[in-house]
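> sharing a model prediction with you, sequence too.
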Amino acid sequence: MRLVSFKSVGGVTIGAVVDDKVVHLNALLSAVERVPDDMTAFLTAGEPAMAAARKAIDAFKRGEGRDAAIALRDADLQAPVPRPGKILMGGRNYLRHLDELRKEGAGRGEKIITPPMPHIFAKYHDSITGPGKPVIYPKIVRQLDIEGELTAVIGKRAYHVEEADALDYVAGYTIINDVSARCLQAQGLLTISKGYETFCPMGPWMVTKDEIPDPQQLWVKTYINEREVCVAHTSEMLFNIKQFIAALSRVFPLDPGDVLATGSPPGPGMYHDPPLLAGPGRHDAGRDRIHRRAREPGRRRAALVSRFRRSYPVAARAHTNVGTKGTLATI
């Protein structure tokens with residue numbers, strides 16, 4: 001399933017993308033079957049909520065409740081998890097990206113070691129934004145960069161879990177764009193450089209884990225227009241998603257709706273010569289289109305897709321491969 005949070009007449013609610021439609025799940029369920037409108041509450045409800053969602057989708061596919069759907073292009077999509085309890089950001093998780101960091105930091109005398117355990121920092125709720133929403137370009141920032149990252153969404157409480165069981169606690173996967181002010185990050189201001197309002201675009205949907213049985217068998221690529229600037233296979237991660245969850249669950253509980261981004265692949269704009277950075281003053285046809293893809297080997301079409309165009313404010317637009325099983329997209 002591709003689950004979304006979208007604005008309807010009554011507020012933000014849960015839906016599912018079916019072909020080129022967004023289906024309002026509760027419109028196809030009886031009063032006793034209805035699921036929570038909030039994604040975190042939906043995930044907390046566990047398998048009964050997932051089963052109800054599947055029932056609603058099956059009913060729609062049989063031709064029921066056609067008035068319960070709107071065109072995907074007309075839906076006001078929000079981040080799939082609009083207010084995660086924790087926004088956990090992995091870092092320094094690809095060796096080739098570590099090499100880039102070392103090269104860039106050498107002039108400042110910065111020593112960057114290979115992490116002995118998963119490297120994590122946090123973002124805050126105000127940084128979350130959704131597809132098609134603007135990313136604010138702060139006046140103080142001179143170097144704005146992007147890092148699209150495969151992201152796990154926690155589906156049930158995980159506390160002191162074993163690595164072998166860790167994926168049992170995942171509800172699904174999405175993409176987070178770790179927008180970063182490099183000029184501030186270079187001063188050691190990690191939280192500030194990555195914590196501005198709207199610096200954490202997410203979505204527009206979460207693909208349930210049954211659609212992506214092995215998250216370590218994906219190609220992750222980033223393009224600016226048609227130029228490939230980042231490429232990595234998720235098997236290259238220093239710490240895979242199982243290891244992240246097992247390690248973090250020994251520090252604090254992971255709860256339904258928490259999101260875990262797994263770190264940037266090599267090739268963010270700052271590490272090109274010359275740098276390929278987002279900038280103000282680019283509008284409409286003049287905006288550069290940036291998109292990311294992650295797909296399983298052998299699939300003709302992308303399992304995960306993300307795109308946006310650089311502008312001021314930095315415009316965030318979703319690109320979707322509608323009708324493709326397991327497709328994700330973010331800005």
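Cool, the structure landed. Predicted, not measured: the structure shown is a model, and the values here were computed from it.
> what segments of the stretch 1-150 of the chain are helices?
For the stretch 1-150 of the chain, the helices defined by DSSP state H, counting those that start in this stretch cover 39-44, 47-61, 95-105.
> among the ones you listed, which is the most enclosed?
Mean neighbour count (mean count of other Cβ atoms under 10 Å) peaks for helix 39-44 among those, with a mean of 21. Glycine gets a C-beta too; all of them are placed from N, C-alpha and C.
> need the contact partners of that helix.
Applying Cβ atoms under 8 Å, 6 or more residues apart in numbering, the external contacts of helix 39-44 come out as 3, 5, 14, 35-36, 49, 53, 80-85, 153-156, 171, 206, 255-257.
> which of those residues are buried, as a PyMOL select command?
The buried subset of the contacts of helix 39-44, as determined by 16 or more other Cβ atoms under 10 Å, is captured in PyMOL by this line:
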select buried, resi 3+5+14+35+49+53+80+81+82+84+85+153+154+155+171+206+255+256+257
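> keep only those of the contacts of helix 39-44 that are in strands.
Using DSSP state E, L3, S5, I14, V153, I154, A171, M206 are the members of these that sit in strands.
> in space, what's closest to the fifth one - neighbours in sequence excluded?
With sequence-adjacent residues excluded and distances taken as Cβ to Cβ, 6 or more residues apart in numbering, I154 is closest to D258, at 4.3 Å.
> ok, the one you found - contacts?
With contact set as Cβ under 8 Å, 6+ apart, D258 has these partners: P84, G85, K86, I87, L88, V153, I154.
> now do 7 Å
Counting by Cβ atoms under 7 Å, 6 or more residues apart in numbering, D258 makes contact with P84, G85, K86, L88, I154.
> just checking the distance from stretch 173-184 to the centre of its chain.
10 Å (Cα atoms, centre = their mean, to the nearest Å).
> what about D76, how many residues nearby?
15 (other Cβ atoms under 10 Å).
> wait, T222
Neighbours of T222 (other Cβ under 10 Å): 27.
> let me know whether my guess that it is in a helix holds.
No - under DSSP: H, G, I helix; E, B strand; the rest coil, T222 sits outside any helix and is assigned strand.
> wait, it sits on E149?
No - in this structure, T222 is not within contact of E149 by Cβ atoms under 7 Å, at 10.2 Å.
> how near is G46 to P256?
Noted for G46: a distance of 8 Å to P256, by Cβ to Cβ, to the nearest Å.
> before we move on, back to that, now the ones in strands among the contacts of helix 39-44 in JSON lines, with distance to K61 and pLDDT?
Output for the ones in strands among the contacts of helix 39-44, formatted as JSON lines (distance: Cβ to Cβ, whole Å; pLDDT from 0 to 100):
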{"residue": "L3", "distance to K61": "16", "pLDDT": "98"}
{"residue": "S5", "distance to K61": "21", "pLDDT": "98"}
{"residue": "I14", "distance to K61": "17", "pLDDT": "97"}
{"residue": "V153", "distance to K61": "24", "pLDDT": "98"}
{"residue": "I154", "distance to K61": "28", "pLDDT": "98"}
{"residue": "A171", "distance to K61": "22", "pLDDT": "98"}
{"residue": "M206", "distance to K61": "20", "pLDDT": "97"}
